[in-house]
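Peer 1: sequence and predicted structure are below.
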Amino acid sequence: MSTIKDLTAIVGSHHIVTSAAKSLRYRKGYRSGKGDALAVVMPGTLLEMWQVLKVLHRDNIIILMQASNTSLTEGSTPSDGYDRDVVIVKGSRIKDLQLINQGKQILAFPGTTLNKLEQTLKPLNREPHSVIGSSNLGASVIGGINNNSGGALIQRGPAYTELALYARIDENNELHLVNHLGIDLGDTPEEILDNLANRRFDVNNVPNSEERVGHNRDYEKRVRDVDSDMPTRYNADPKGLYEASGAAGKVATFAVRLDTYVSEGESQVFYIGTNSPAVLEKMRRHILSEFKNLPVSGEYMHKEAYELAKLYGKDSLMVLDKVGTEYLPTMFGWKATAERMLSHLPTFKPYFPDRFLQRAGNIFPNQLPKRMEDYANRFQHYLQLKMSGDGIAEARAYLTEFFKEEEGEFFEANADETNKASLHRYVTASVPIRYQELHQDKIDILPIDVALRRNDDDWFETLPKEIDDKIEYKLYYGHFLDHVMHQDYILKPGVDAHELKQEMLKLFDKRGAIYPAEHNVGHLYKAAPALVEHYKKNDPTNSFNPGIGKTSKRKWWEEY
């Protein structure tokens, strides 16, 4: 086939995968979802990526851009029902990261990970635009921008920029490279990409853009408005949709320009335990509306999530703690290769690597610090309140007085407790998957991320008995201060996840909540009108990632 031949000529035979078995790891979602693809192509430079796009556009092939494939809603994997062949263009080999204007801003490329960005900025005492749980999984910076990823940082809001370099196919079915980086790089696509890759511009004298920004606007004002009946942030918020921002793969993003921030400096995590959701809400409202210094973050866990993560996430926590995040994408690759090879041997049941890791983890002692375990024995709800600078003393004084009257306690976490608590919170997202794998797909899981109203005092979910009876375990965790919650349900055998989801979403609708909050619609949620409008404006021919948000999968957005 001429398409495969031409793509191979561009990237080389070692960087194109046409075997269905070998491409499965790219065609399968992190939690769910799987589809077919003609090939997986891995360009090694920006110019190669442009040449790949030209071939795919020429041959009328669907373009599915993919970086680290950490999507939790199937947004970066193929589905079914397309009217054309699909090729996955994986940009993870293009890992460059450029610091500009003395590190006050950065240029991130398709394979630049959030972890690499964090590590690069550390020596400069600066920090990135956001920190999210999937940083630990190798999530990319551009993936975060494309999906309005929210993360844990209260002061900065979701990932957002108006400064980007991207390719789109216009209403005349013509492929264009759009340079809105605010940097003069030349005129032709080839010239622009070559100059950018080779830094043929003054990296420390990039002019500020007067019209476009590289950060989320006015988020602190929004998060402090605790009386609003609207959520703080959610994927379909029109204020977060701008060209590549919120594009969900409907353009091919080559680079984004983002602001960085002065490091928080000294910080302290206050670990809080209580048996009353109302206590946490009272605290939340006071901190956001009255504190002079906003917290850095406020991560919540419920007891059931805590205990299940201790049981099914111990090995992941140990790897993150001992090895770090840098090698995780490689390790995930090894696991996927092992699964593919062992799947041909009848001796090994499906998901053998995960089953082995679970058993291996059980050999080791409990990894969680004593004071956390003490709180787990006495309390149902836990909050990791992180403060920095003058906010440390402000929080210490407030919490001391607050818990003289209110039910609960707090302690100031040391470095080990801070690290373990953070990692324990992050590995919770993988618990339902591990549980399902160990039970050999006999049960369904239902993950939901939801943005609650800012004035929702009754934030902790109480389900009607007819729904609660269908659920084995409920994992509640999330970004409590801005009321963005992750609620994962492990269902009882025989319960249909799709049917239950429709019942659950009706309950959220009654509460005035909006979903999804930060994982984006993928192929699991119906896109809101604002998202559909954004998708069609970016991609009039429906050539990039069609079907996202349960929209049309046909050329020119034709209905079935």
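Peer 2: Alright, I've got the coordinates.
Peer 1: where does the stretch 251-400 of the chain have low pLDDT?
Peer 2: 324-356 (pLDDT under 70).
Peer 1: and the strands in it?
Peer 2: Ranges of strands in the stretch 251-400 of the chain, per DSSP state E, counting those that start in this stretch, are 252-259, 261-262, 267-274, 297-302, 381-388.
Peer 1: residues in contact with the second one?
Peer 2: In this structure, residues lying in contact with strand 261-262 by C-beta atoms under 8 Å, 6 or more residues apart in numbering are 125, 126, 127, 128, 129, 156. Any C-beta I mention is one placed from the backbone N, CA and C, and that applies to glycine too.
Peer 1: who wins for neighbours among these?
Peer 2: Within the contacts of strand 261-262, most neighbours by other C-beta atoms under 10 Å means residue 129, with 28 neighbours.
Peer 1: wait, what's in contact with that residue?
Peer 2: Residue 129 sits in contact with 156, 159, 160, 214, 215, 216, 258, 259, 260, 261, where contact means C-beta under 8 Å, 6+ apart.
Peer 1: same thing but 7 Å
Peer 2: By C-beta atoms under 7 Å, 6 or more residues apart in numbering, residue 129 lies in contact with 156, 159, 215, 258, 259.
Peer 1: just give the closest residue to the second one, not the sequence neighbours.
Peer 2: Taking C-beta to C-beta, 6 or more residues apart in numbering as the measure, residue 159 lies nearest to residue 144, with 4.0 Å between them; neighbours along the chain are not counted.
Peer 1: who does the one helix or strand the one you found maps to touch, helix- and strand-wise?
Peer 2: For residue 144, the enclosing helix or strand under DSSP states H and E is helix 141-146. Other helices and strands packing on helix 141-146, by 3 or more C-beta pairs under 7 Å, 6 or more residues apart in numbering; DSSP states H and E, are helix 114-121, strand 252-259.
Peer 1: what residues does the last one touch?
Peer 2: If I follow you right, that is strand 252-259. For strand 252-259, the surrounding residues in contact (C-beta under 7 Å, 6+ apart) are 46, 49, 53, 63, 65, 105-110, 129, 141-142, 145-146, 161, 163-167, 181-182, 193, 196, 214-215, 244, 544.
Peer 1: mind checking which of those residues are in strands?
Peer 2: 63, 65, 105, 106, 107, 108, 164, 165, 166, 167 (DSSP state E).
Peer 1: could I get these as CSV with pLDDT and distance to residue 488?
Peer 2: Converted to CSV, those look like this (pLDDT from 0 to 100; distance: C-beta to C-beta, whole Å):
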residue, pLDDT, distance to residue 488
63, 98, 31
65, 95, 27
105, 95, 36
106, 96, 33
107, 97, 35
108, 97, 29
164, 98, 32
165, 98, 36
166, 98, 33
167, 98, 36
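Peer 1: out of those, flag the one nearest to residue 251.
Peer 2: Proximity of the ones in strands among the contacts of strand 252-259 to residue 251 (C-beta to C-beta) peaks at residue 166, which lies at 4.4 Å.
Peer 1: you'd agree the closest one is up against residue 251?
Peer 2: Yes - Residue 166 is in contact with residue 251 according to C-beta atoms under 7 Å; the separation is 4.4 Å.
Peer 1: residue 388: neighbour count?
Peer 2: The criterion is other C-beta under 10 Å. On that basis, residue 388 has 19 neighbouring residues.
Peer 1: so it makes contact with residue 294?
Peer 2: No - counting by C-beta under 7 Å, residue 388 stays clear of residue 294, with 9.5 Å between them.
Peer 1: any idea how far the nearest residue to residue 379 once chain neighbours are set aside lies from residue 381?
Peer 2: Leaving aside its sequence neighbours, residue 379 sits nearest to residue 273 (C-beta to C-beta, 6+ apart; 3.5 Å). Per C-beta to C-beta, to the nearest Å, residue 273 is found 7 Å from residue 381.
Peer 1: re the thing from before, joint contacts of residue 166 and residue 251?
Peer 2: Joint contacts of residue 166 and residue 251 (C-beta under 7 Å, 6+ apart) are residue 244.
Peer 1: separation between residue 216 and residue 527?
Peer 2: From residue 216 to residue 527 the distance is 21 Å (C-beta to C-beta).
Peer 1: those two - which one has more neighbours?
Peer 2: Neighbour totals were compared for residue 216 and residue 527, and residue 216 leads with 24 against 20 (other C-beta under 10 Å).
Peer 1: can you pull the contacts of the closest residue to the more buried one other than its chain neighbours?
Peer 2: Here the nearest residue to residue 216 in space, its sequence neighbours aside, is residue 157; by C-beta to C-beta, 6+ apart that works out to 3.7 Å. Applying C-beta under 7 Å, 6+ apart, we find residue 157 in contact with 216, 219, 233.
Peer 1: can you tell me the SS state at the residue lying closest to residue 75 once chain neighbours are set aside?
Peer 2: Closest residue in space to residue 75, ignoring its immediate chain neighbours: residue 522 at 3.6 Å, by C-beta to C-beta, 6+ apart. With DSSP: H, G, I helix; E, B strand; the rest coil as the basis, residue 522 sits in coil.
Peer 1: residue 522 touches residue 77, doesn't it?
Peer 2: No - if you go by C-beta under 7 Å, residue 522 and residue 77 don't touch, sitting 8.6 Å apart.
Peer 1: so these two - more neighbours on which side?
Peer 2: For residue 522 versus residue 77, the count of surrounding residues by other C-beta under 10 Å is larger for residue 522: 29 against 25.
Peer 1: ranges for the helices of the stretch 451-560 of the chain?
Peer 2: Using DSSP state H, counting those that start in this stretch, the helices of the stretch 451-560 of the chain run over 465-468, 497-510, 529-538.
Peer 1: which of those sits most buried?
Peer 2: Comparing those by mean neighbour count (mean count of other C-beta atoms under 10 Å), helix 529-538 ranks first with a mean of 18.
Peer 1: quick one: it to chain centroid distance?
Peer 2: Mean C-alpha position of helix 529-538 versus that of the full chain (C-alpha atoms, centre = their mean, to the nearest Å) differs by 20 Å.
Peer 1: do the same with stretch 489-504
Peer 2: 23 Å.
Peer 1: got a list of contacts for that stretch?
Peer 2: Contacts for stretch 489-504 (C-beta under 7 Å, 6+ apart): 432, 435, 442-446, 448, 467, 470-474.
Peer 1: low-confidence regions, this protein specifically.
Peer 2: Checking the chain against pLDDT under 70 turns up 1, 31, 70-71, 131-138, 324-356, 440-441, 560.
Peer 1: try it again at 50.
Peer 2: 133-136 (pLDDT under 50).
Peer 1: circling back: out of the strands of the stretch 251-400 of the chain, which is the most enclosed?
Peer 2: Most buried among those, counting by mean count of other C-beta under 10 Å: strand 252-259, with a mean of 27.
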